[in-house]
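# please work out how this folds:
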Amino acid sequence: TRPGSRFVDLTTRETVFLGRANFQDVTVSGRKAAFPFTVFERDADFRGARIEAAADFRFSVFGEGANFKRARLGKSVYFGSTRFRKETRFTEMFSEEDVYFDSARFEGPVHFDACEFNHGATWENSTFADTVSFTTSRVVGRLNMSRARFDGPLVMKEVRLGGMDFIGAELNGDASFVDANVEGKVRFSLDDVTRARYLTDPGP
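Now for the predicted structure:
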């Protein structure tokens, strides 16, 4: 019955939340929503949050699960090198700009169902220890999961993607692409021209 708080800019850099962190329905309307190097020891609730600023969660730790259901992001969002130790939900998340989960670690199940990303989305070099689901999600740009590692099932059901990169990915569990619609190029390995270009130094 009470609305969430409203911030212009919000920063919790290197902060430790020992109890439950409730940011449900919070609005950030300025230039910065920065949570880098933040530790959430208990569950973190960002359901319905509206963040018009660039959102930065890089190098943060979510100890008892996180819930970003129906969060709306007006600018790019960064979860690079973030650690999720328990079950995490991003169901129905909407992002107007690019979404970055590069080098993130998901140690429990993670749900990206019914999400809408209007630009690209990357999980490059990320690791998934349990089930990850993208049912009925849409990525207007490219979905990049190059060099990601999946130890549990990967479910890509009824997704709509502008393109998809799985170059060098390691899939140790079941992977299902059911009724997936990919409008652009799909790459599970490098084409011959690109491979030849990097023969001397394959690192890049």
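# quick one: contacts for the most centrally placed residue in the chain?
Central residue of the chain (CA atoms, centre = their mean): Phe101, 4.5 Å from the mean position. Shown in contact with Phe101 (CB atoms under 8 Å, 6 or more residues apart in numbering): 79-80, 82, 121-123, 126. For every residue, glycine as well, the C-beta is placed using N, CA and C.
# what about this protein, any weak spots by pLDDT?
Within the chain, the ranges that satisfy pLDDT under 70 run 1, 202-204.
# all helices of it, in order?
Remark: helices assigned in the chain by DSSP state H are 192-197.
# so Asp45 makes contact with Asp25?
No - with contact defined as CB atoms under 8 Å, Asp45 does not reach Asp25; the gap is 9.7 Å.
# these two touch, right, His65 and Asp45?
Not quite, residue 65 is Gly, not His. No - Gly65 lies out of contact with Asp45 (CB under 8 Å); the separation is 9.4 Å.
# what's the neighbour count on Val132?
Val132 has 25 neighbouring residues, counting by other CB atoms under 10 Å.
# then stretch 107-114 to PDB, C-alphas only?
Output of stretch 107-114 as PDB, limited to C-alpha atoms (Å, rounded to 0.1, in the frame of the first residue of the first chain):
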ATOM      1  CA  GLU A 107      25.700 -21.100  -8.300                       C
ATOM      2  CA  GLY A 108      22.000 -21.800  -8.100                       C
ATOM      3  CA  PRO A 109      19.100 -21.900 -10.600                       C
ATOM      4  CA  VAL A 110      18.500 -18.700 -12.600                       C
ATOM      5  CA  HIS A 111      15.400 -17.600 -14.500                       C
ATOM      6  CA  PHE A 112      15.500 -15.200 -17.400                       C
ATOM      7  CA  ASP A 113      11.900 -16.100 -18.500                       C
ATOM      8  CA  ALA A 114       9.700 -13.500 -20.300                       C
END
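# list of residues touching that stretch?
Outside stretch 107-114, the residues touching it (CB under 8 Å, 6+ apart) are 65, 83-93, 128-137, 152.
# go again with 6 Å.
85-92, 129-137 (CB atoms under 6 Å, 6 or more residues apart in numbering).
# now those: which count as buried?
Buried residues within the contacts of stretch 107-114, counting neighbours by 16 or more other CB atoms under 10 Å: 85-92, 129-135, 137.
# out of those residues, who's nearest Asp174?
The shortest approach to Asp174 among those belongs to Thr131, at 9.5 Å (CB to CB).
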